[in-house]
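J.: After the sequence you'll find the predicted model.
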Amino acid sequence: DAWALPAFSTFAETIKKETEEEQQQQQQQQQLQLYGVRTPEVAEAGVARELQRQKEAKNKEALPFVSLTEEEFVTSGSVPFSVYLEYLRSGGGLLLLLLSLLLLLLGSVLLLLSNLLLSAWADRKLQLTDAAALSLFAALGGLHLLFSAAGFLRVAAAAVAAAKHFHHSLVQTLIDAPLSFFDSTPVGRVLQRLLRCMSTLDEQLPASLLSFYTTLVTCCCCLLLVGCCLPLFLLAAAPLLLLYLRVQQSFVPTSRQLQRLEAAAKGPLLSFFLELLEGRETIAALQQQQQQLLLAHAKADCSTKLSYLSLAVNRWLAWLLLLLLLLLQQKALFPQEWGDLLLLLLSLLRSNLIG
């Protein structure tokens, strides 16, 4: 056909041109390999490739490495006062707190009166019959149980209400959180908040509140009674109070920070266990069971070391308080008749009460 010849000639010219370019490139490569000589075209192409490589490397250095998972930030310092106010408000407010303290105080006062009545009755210092003294003692004991039980129940109810408030707030925050939060937050950290932190609110904090209330009321009653019997003791109580406050200032920040570090170390451990459960088929296929087991032991050891440090700090406090107690009992510091009294008062300041 008439149109076939021009098309065939154009196709032949294209094939010839591509063949010549390939031969030229092969000659340039042979020259470069044999003599290390670069033609201007090869040199220009090499310079262009080098500039492009440097530009890409510079762009990679300019872009910082961004990790999707955010590292957990361990706070320092004391707990903000707003947290205490929120806990107090969710537990019923200041009035209910004062009511609980008043009930516990009345219970301690009634117990003290019953002990004084029993002592006077045993010494025959009361002009009462045995039946009347026994009835009065039983009445004081019953009122003590009533007021103490009411105070304990009031504190327990406030602690349960506060724990419900914080639990509802935490769950609601997790429900309303965007999907990016779960992409950047490990599952172990979320479980740490839901398990350990809520366990502290549900179990440890109510017991600590009850212990704090009873200890505070007992100390106030003891100081009031001893101050009435021995007014000079109040002069010695002031420097003792300053001494124990100084010990508390050294112990509480250290113990608080160790507990925060221990809580932060639990999150990666939980996340690692969840990853092991999700990837158990892959681990078994690659025969990495022993390596993963060693890694799990290392993470568990890291978390356990912080627990041992907390126990060591508590034992240090107990040893220091015991040493101070033994020194204060010596005759060189106080008269002999004050030894039993100081033993009773200072035994209230144990490590589990201050911590």
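T.: On my side now, so go ahead. Numbering: from 1, shown residues only.

J.: Spell out, range by range, the helices that occur in the stretch 101-250 of the chain.
T.: Along the stretch 101-250 of the chain, counting by DSSP state H, counting those that start in this stretch, helices occupy 130-176, 179-184, 187-192, 198-199, 205-229, 233-278.

J.: Point out the one among those helices that comes closest to Leu325.
T.: Ranking the helices of the stretch 101-250 of the chain by distance to Leu325, with C-beta to C-beta as the measure, places helix 233-278 first at 10.6 Å. All C-beta atoms are positioned from the backbone trio N, CA, C, and that covers glycine.

J.: For that closest one, name the packing helices and strands.
T.: Applying 3 or more C-beta pairs under 8 Å, 6 or more residues apart in numbering; DSSP states H and E, one finds that helix 233-278 contacts helix 187-192, helix 205-229, helix 289-328, helix 351-354.

J.: For stretch 170-182, buried residues please.
T.: For stretch 170-182, burial by neighbour count (16 or more other C-beta atoms under 10 Å) applies to Leu170.

J.: distance between that stretch and the chain's centre?
T.: Distance of stretch 170-182 from the chain centroid (C-alpha atoms, centre = their mean, to the nearest Å) equals 20 Å.

J.: Val247 is in contact with Leu321, correct?
T.: Yes. Between Leu321 and Val247 there is a contact under C-beta atoms under 8 Å: 7.2 Å.

J.: Looking at these two, which one has more neighbours?
T.: Neighbour tally, Leu321 and Val247, criterion other C-beta atoms under 10 Å: the higher count belongs to Leu321, 20 against 15.

J.: Against Gln172, how distant is the more buried one?
T.: 43 Å (C-beta to C-beta, to the nearest Å).

J.: how deep is the closest residue to Val187 other than its chain neighbours tucked in, by neighbour count?
T.: Leaving out its chain neighbours, the residue that sits closest to Val187 by C-beta to C-beta, 6 or more residues apart in numbering is Leu274, at 5.5 Å. Leu274 has 14 neighbours, counted by other C-beta under 10 Å.

J.: With Val217 instead?
T.: Neighbour count for Val217, taken as other C-beta under 10 Å: 21.
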